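Asks: Dropping a prediction and its sequence here:
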Amino acid sequence: MKEIVVISGKGGTGKTSVTASFAYLGGENVVVADCDVDAADMHLLVKPDFAKSESFFSGVAAQINPYKCNNCGICANVCRFDAIPVIDDQYTVSTLDCEGCGYCAKVCPERAIEMIDQNVGNWFVSNTRLNNTMVHAKLGIGAENSGKLVAKVKNEAKRIANENNKDFIIIDGSPGVGCPVVSSLSGAHFAVLVTEPSVSGIHDLKRVHELVKKFNIKAGCIINKADINKDVTNEILGFLKSESIEYIASLPYDENFTKAMTEGKTIVEFDNGELKESIIKSWEKVKKLSAVS
């Protein structure tokens, strides 16, 4: 079983559209993991049925018992995050501001403060319309620990793939280089970098590749909308060669990408021309490259 993660240094490069197309082409031989838990949107294309849902708990936050609290204010004085305001003449905790350090609970003379496990989101196991299994999640509004939720999604996808002898796990990673991306890359066999020929596109491609190199993961690159700025596309090609990144494909700018998303379809279902053929060839190349990684 090979673990393929699709990432991009920035949003809007077409990463999720490419990942969903790979999921369509892989069919029942793949388990899909949507690890973009902060802004999950692959469900719009693959229509999961949310067959299994579980809450995800991570981290703690303070909670004041008003029946034990004598309003001495010691907790508010020691809180470095200004997370304990007075509301209606009672000290209370702002959960969005609380960092869960627990200092307030330690200094409370009345033992009126408890540290409560936080439900930061939900994770799901679904059957999709593409005839594969999908593990995905949704982080709660203002919640933290997205990296841990990504790890949960990946571990569950890996368990399902191993138990059912699937050939591939295809992971839609978060854009950028933060904690969820680090978690998405952990344990992967091959990384597909999706970029675009813009100043920010090549800048963020270089940043995310630095991260991939730290994991010693072999990488390939798809240049989306490659024809909108040929000079920058050539600059990207030069960077790929200098860093020994496998060149996978250059996809043209095509409004069918947007039309397909509007209809809730992958581009390989919607398009019957050059774009579809390019993505099919890209998937075949990615499978071969991941097999030797």
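Replies: Everything's here; your move.
Asks: For stretch 136-148, which residues meet the burial criterion?
Replies: In terms of neighbour count (16 or more other C-beta atoms under 10 Å), stretch 136-148 has its buried residues at H136, A137, K138, L139, A143, E144, N145, S146, G147, K148. The C-beta positions use only the backbone N, C-alpha and C, and glycine is treated the same way.
Asks: Could you identify the least confident member of those?
Replies: Looking at the buried residues of stretch 136-148 by pLDDT, the weakest one is N145, with 64.
Asks: that older thread, export the buried residues of stretch 136-148 to JSON lines and tack on secondary structure and distance to K259?
Replies: As requested, those are exported to JSON lines (DSSP: H, G, I helix; E, B strand; the rest coil; distance: C-beta to C-beta, whole Å):
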{"residue": "H136", "secondary structure": "strand", "distance to K259": "24"}
{"residue": "A137", "secondary structure": "strand", "distance to K259": "28"}
{"residue": "K138", "secondary structure": "strand", "distance to K259": "27"}
{"residue": "L139", "secondary structure": "strand", "distance to K259": "30"}
{"residue": "A143", "secondary structure": "coil", "distance to K259": "34"}
{"residue": "E144", "secondary structure": "coil", "distance to K259": "37"}
{"residue": "N145", "secondary structure": "coil", "distance to K259": "37"}
{"residue": "S146", "secondary structure": "helix", "distance to K259": "31"}
{"residue": "G147", "secondary structure": "helix", "distance to K259": "35"}
{"residue": "K148", "secondary structure": "helix", "distance to K259": "37"}
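Asks: Relative to A291, which of those is nearest.
Replies: Among those, H136 lies closest to A291 (C-beta to C-beta), at 25.9 Å.
Asks: ok, now which ones touch that closest one?
Replies: Neighbouring residues of H136 by C-beta atoms under 8 Å, 6 or more residues apart in numbering: V32, A33, D34, V37, A40, M42, H43, P48, W123, F124, S126, V153.
Asks: Check N132 too.
Replies: When contacts are counted by C-beta under 8 Å, 6+ apart, N132 touches A23, G26, G27, E28, N29, V30, V31, V32.
Asks: Can you flag the buried ones in those residues?
Replies: When the contacts of N132 are checked for burial by 16+ other C-beta under 10 Å, the buried set is A23, G26, V30, V31, V32.
Asks: Before I go, just wanted to say thanks for your time.
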